[in-house]
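> Next one to model:
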Amino acid sequence: MIDLKVNLLQVLKSLPEIVKLVAVSKTHPVEDILELYDAGQRVFGENRVQEFIEKYPKLPTDIEWHFIGHLQTNKVKQIVPLVHTIHSVDSFKLLKEIDKEAAKVQRCISCLFEFHIADEDSKFGLNLNSASEFLSSPEYFALKNVQIIGVMGMATFTDDHNQVRIEFRKLRSIFDSLRQAFFVSDKRFKEISMGMTLDYPIAIEEGSTMVRIGSAIFGERTSIR
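All right, here's what the predicted structure looks like:
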């Protein structure tokens with residue numbers, strides 16, 4: 001029998017105070033999320049739009065929801081009224097769609113640029129040159145309902161810890177470059193979302209401010225009850 005509260009406490013004890021825990025609740029039932037909510041956890045991450053919008057009305061309204069999965073532009077309008085932060089902005093078409101839908105509901109959505117740092121073609125993400133080009137463009141300055149607060153990336157799924165470290169270090173370098181070039185006076189640009197259950201200790205050593213942890217808290221993925 002999994003003790004979710006014990007698992008949560010163990011993970012929290014392993015995190016520096018400056019690192020935010022996003023408890024990744026995808027595929028896990030509302031009852032489990034409520035158990036962790038009752039233990040004090042307020043930040044949860046989902047990666048499937050349909051699953052997220054089904055769970056949302058069944059849970060407390062003060063949960064800070066983070067969308068961490070690949071997001072299609074035609075699904076943006078479904079989550080913008082509900083979500084606090086979107087980690088997976090991997091195109092400027094997507095960012096503009098988020099801005100458009102957020103304007104309709106008079107919200108400003110916190111967003112992270114997702115960068116491709118892994119040695120895996122299946123991963124999504126931007127590169128530094130394309131991000132810099134967009135951040136210099138009039139199109140970017142016209143956006144009023146999104147706030148870029150940092151970067152996100154996923155390392156290669158491998159047992160080679162040195163490779164994982166190099167990839168996380170690359171994301172930190174991208175963050176530093178963008179901050180110096182475009183956000184030097186914007187204190188809101190401060191987040192580096194990297195690290196999951198298997199690699200978050202390395203991510204923290206390399207400067208992560210936000211970790212996305214699921215199975216270390218919830219156990220292995222299940223079907224929603």
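> could you pull out the helices for this protein?
Under the criterion DSSP state H, the chain carries helices at the ranges 4-13, 30-38, 49-55, 76-79, 92-104, 128-135, 138-141, 161-182, 200-205, 215-218.
> hey, C-alpha coordinates of the third one in PDB?
Listed next in PDB are the C-alpha coordinates belonging to helix 49-55 (Å, rounded to 0.1, in the frame of the first residue of the first chain):
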ATOM      1  CA  VAL A  49      -6.100  18.200 -21.800                       C
ATOM      2  CA  GLN A  50      -9.100  16.000 -21.600                       C
ATOM      3  CA  GLU A  51      -8.000  14.400 -18.300                       C
ATOM      4  CA  PHE A  52      -7.200  17.800 -16.800                       C
ATOM      5  CA  ILE A  53     -10.500  19.400 -17.600                       C
ATOM      6  CA  GLU A  54     -12.400  16.300 -16.200                       C
ATOM      7  CA  LYS A  55     -10.500  16.500 -12.900                       C
END
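> and that helix, which residues are buried?
Of all the residues in helix 49-55, those buried under the rule 16 or more other Cβ atoms under 10 Å are Val49, Glu51, Phe52, Lys55. Yep, even glycine has a C-beta here, placed from its N, CA and C like the rest.
> In terms of pLDDT, where does the residue nearest the centre of the chain sit?
Nearest to the mean C-alpha position of the chain, counting by Cα atoms, centre = their mean, stands His87 at 3.4 Å. According to the per-residue confidence, His87 scores 98 in pLDDT.
> just the one 4 residues further on next, same as before
On the pLDDT scale, Ser91 is placed at 93.
> And for it, nearest residue in space, chain neighbours not counted?
Distances taken as Cβ to Cβ, 6 or more residues apart in numbering place Leu126 nearest to Ser91, at 7.4 Å, with adjacent residues excluded.
> how close does the one you found get to Asp186?
Counting by Cβ to Cβ, to the nearest Å, the gap between Leu126 and Asp186 amounts to 19 Å.
> out of those two, which sits in the more crowded spot?
Leu126 (20 against 12; other Cβ atoms under 10 Å).
> Please list all residues in contact with that one.
Taking Cβ atoms under 8 Å, 6 or more residues apart in numbering as the criterion, Leu126 is in contact with Asp90, Ser91, Phe113, Glu114, Phe115, His116.
> And for Gln163?
Residues Asp119, Ala155, Thr156 are the ones in contact with Gln163 under the rule Cβ under 8 Å, 6+ apart.
> What about the closest residue to the first one other than its chain neighbours, how many residues nearby?
Going back to what we said before, that points to Asp119. Beyond its immediate neighbours in the sequence, the residue positioned closest to Asp119 (Cβ to Cβ, 6+ apart) is Thr156, lying 4.7 Å away. Here the count is done by other Cβ under 10 Å, and Thr156 has 15 residues near it.
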